[in-house]
Structures are given as structure tokens and as C-alpha cells.
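Student: Give me a 3D structure for the following:
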Amino acid sequence: MTTVMLDIDTSLYQLLQAAAAAHHLSLEQECRRRLAAEERPSRYLQALVAELRADDQQRRATRS
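Tutor: Model prediction:
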């Protein structure tokens with residue numbers, strides 16, 4: 001399995017978490033919501049979604 005490591009700006013990450021909570025969404029869902037609303041996709045959000053997916057896959061693999 002490939003591990004993806006990203007350097008994420010802490011303040012931006014916290015803003016995304018707050019927005020996700022305000023919209024009653026998961027962090028991944030908030031990122032997807034923002035990506036869908038953007039005319040020009042954000043590479044930062046795309047990378048974050050990829051990292052969240054990798055983390056989720058890793059959690060599922062360890063549970064099995």
C-alpha cells in the first residue's frame with residue numbers, strides 16, 4: 001500500500017474542519033462540496049481528499 005504524506009497548513013485545515021462541522025458533513029464531504037462548487041478545482045482540496053481516502057482505506061484494512 002502506498003502512503004501519502006502531505007504538509008497541510010494547520011489554520012486552513014482547522015477552517016475546513018469548522019466548515020464541515022457547520023454543514024454537518026465529514027471533512028471529506030466538505031472538501032467534495034467545495035470542489036463541486038468551484039469552477040477551477042483546488043489542488044489543495046484534491047490532495048486532501050486523496051489523503052482522507054488513503055487514511056480511510058488504511059483504517060478499513062487494519063480492521064479486517
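Student: Give me the distance between T2 and L52.
Tutor: Per CB to CB, to the nearest Å, T2 is found 15 Å from L52. Using the backbone N, CA and C atoms, a C-beta is placed for each residue, glycine as well.
Student: Over to E30?
Tutor: E30 is 10 Å from L52, by CB to CB.
Student: Of these two, which one has the most company?
Tutor: E30 (22 against 17; other CB atoms under 10 Å).
Student: dump the residue contacts of the more buried one.
Tutor: Listed by CB atoms under 8 Å, 6 or more residues apart in numbering, the contact set of E30 reads L16, A19, A20, H23.
Student: repeat that for 6 Å
Tutor: Residues in contact with E30 (CB atoms under 6 Å, 6 or more residues apart in numbering) are L16, A19, A20.
Student: element containing it?
Tutor: For E30, the enclosing helix or strand under DSSP states H and E is helix 27-37.
Student: same question for that helix, mean pLDDT?
Tutor: In this model, helix 27-37 has a mean pLDDT of 84.
Student: Counting neighbours, which bits of that helix end up buried?
Tutor: For helix 27-37, burial by neighbour count (16 or more other CB atoms under 10 Å) applies to L27, E28, E30, C31, R34.
Student: List the contacts of the longest helix along the chain.
Tutor: Counting residues, the longest helix in the chain under DSSP state H turns out to be helix 43-63. Surrounding helix 43-63, the residues in contact under the criterion CB under 6 Å, 6+ apart are V4, L6, E28, C31, R34, L35.
Student: which phi and psi does L16 have?
Tutor: Backbone torsions for L16, taken as degrees, to the nearest 10, come to phi -60, psi -40.
Student: what pLDDT does it get?
Tutor: For L16, pLDDT reads 87.
Student: How about the contacts made by it?
Tutor: E30.
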